[in-house]
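Enquirer: Next come a sequence and a model predicted from it.
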Amino acid sequence: MCSCSCGASQSTGGLTLAQFDQPVSHQSEPSLLAIMQQMTQIMANLQADSSSGSSRPPAFKTPSMKAPECFDGTQPFKFRSFLQSCQLTFHNDPANFSQDRKMVLYATSFLIGRAAKWIEPYLSNLTNQDSNYLLNSWPLFESQLFTLFGDPNEVRKAEA
C-alpha cells in the first residue's frame with residue numbers, strides 16, 4: 001500500500017516502484033521505438049490535416065425571412081414597408097442577391113395590380129443586359145417605383 005490515505009498499491013501493472021527507477025532494458029526498446037514512431041506519424045497526420053484546411057467549420061444556414069407583402073401601388077403609405085422588406089431579404093442573403101438584376105426581379109415578383117401592369121413591358125425584354133435598363137439597376141428600379149407609387153408627402157415630411 002502507498003503511504004497516503006488513498007489505499008492504492010505501490011505496484012503498477014505488476015511492476016513495483018523500485019523497478020520504475022531502473023533503466024529501461026534493451027528488450028523493451030523495440031516496442032518503445034514502435035510506439036514513438038506511431039506517435040510521430042499521428043502528429044504528422046494531425047499537422048497535415050490542420051494545414052490542409054480539410055477540417056471546415058460547419059456551414060452556416062441563413063435564416064429565412066418573411067417574404068414581402070405583395071404591393072399593388074394603390075396605397076402609397078405601404079411602399080416604404082414593401083421596399084424595406086425586400087432590402088432585409090437582400091441583406092440577409094447577400095450571396096443570392098449580389099446583383100441588381102436579381103434584386104429587381106425578386107421585388108418584381110411581389111408586384112400585383114397597377115404596379116404589375118407598370119412592370120409588364122420591361123419583363124417582355126428580359127434579355128436586355130444594358131446596365132441602365134430598369135431591370136438591371138436596383139437604384140433605378142427603386143427610384144421609378146417611388147416616383148410612380150410612393151408617398152409624395154414622404155419627401156415633404158422628411159424636409160419639414
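Expert: Received, thanks.
Enquirer: May I have the longest helix seen in the chain exported as PDB, CA atoms only?
Expert: Longest helix of the chain, by residue count under DSSP state H: helix 29-52. This file holds the C-alpha atoms of helix 29-52, laid out as PDB (Å, rounded to 0.1, in the frame of the first residue of the first chain):
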ATOM      1  CA  GLU A  29      13.400  -0.700 -26.800                       C
ATOM      2  CA  PRO A  30      11.800  -2.100 -29.900                       C
ATOM      3  CA  SER A  31       8.300  -1.700 -28.500                       C
ATOM      4  CA  LEU A  32       9.100   1.800 -27.300                       C
ATOM      5  CA  LEU A  33      10.600   2.600 -30.700                       C
ATOM      6  CA  ALA A  34       7.500   1.400 -32.400                       C
ATOM      7  CA  ILE A  35       5.300   3.500 -30.100                       C
ATOM      8  CA  MET A  36       7.400   6.600 -30.700                       C
ATOM      9  CA  GLN A  37       7.200   6.000 -34.500                       C
ATOM     10  CA  GLN A  38       3.400   5.700 -34.300                       C
ATOM     11  CA  MET A  39       3.100   8.800 -32.200                       C
ATOM     12  CA  THR A  40       5.400  10.700 -34.700                       C
ATOM     13  CA  GLN A  41       3.100   9.500 -37.600                       C
ATOM     14  CA  ILE A  42       0.000  10.500 -35.700                       C
ATOM     15  CA  MET A  43       1.400  14.000 -35.000                       C
ATOM     16  CA  ALA A  44       2.400  14.400 -38.700                       C
ATOM     17  CA  ASN A  45      -1.100  13.400 -39.800                       C
ATOM     18  CA  LEU A  46      -2.700  15.900 -37.400                       C
ATOM     19  CA  GLN A  47      -0.500  18.700 -38.600                       C
ATOM     20  CA  ALA A  48      -1.200  17.800 -42.200                       C
ATOM     21  CA  ASP A  49      -5.000  17.800 -41.600                       C
ATOM     22  CA  SER A  50      -4.900  21.200 -39.800                       C
ATOM     23  CA  SER A  51      -2.700  22.900 -42.500                       C
ATOM     24  CA  SER A  52      -4.700  21.500 -45.500                       C
END
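Enquirer: Just the strands from the chain, written as ranges.
Expert: Listed in chain order, the strands found in the chain under DSSP state E are 11-12, 15-16.
Enquirer: State the mean pLDDT of the first one.
Expert: Looking back up the chat, that one is strand 11-12. Averaging pLDDT along strand 11-12 yields 45.
Enquirer: Repeat that for stretch 37-53.
Expert: On average, stretch 37-53 scores 75.
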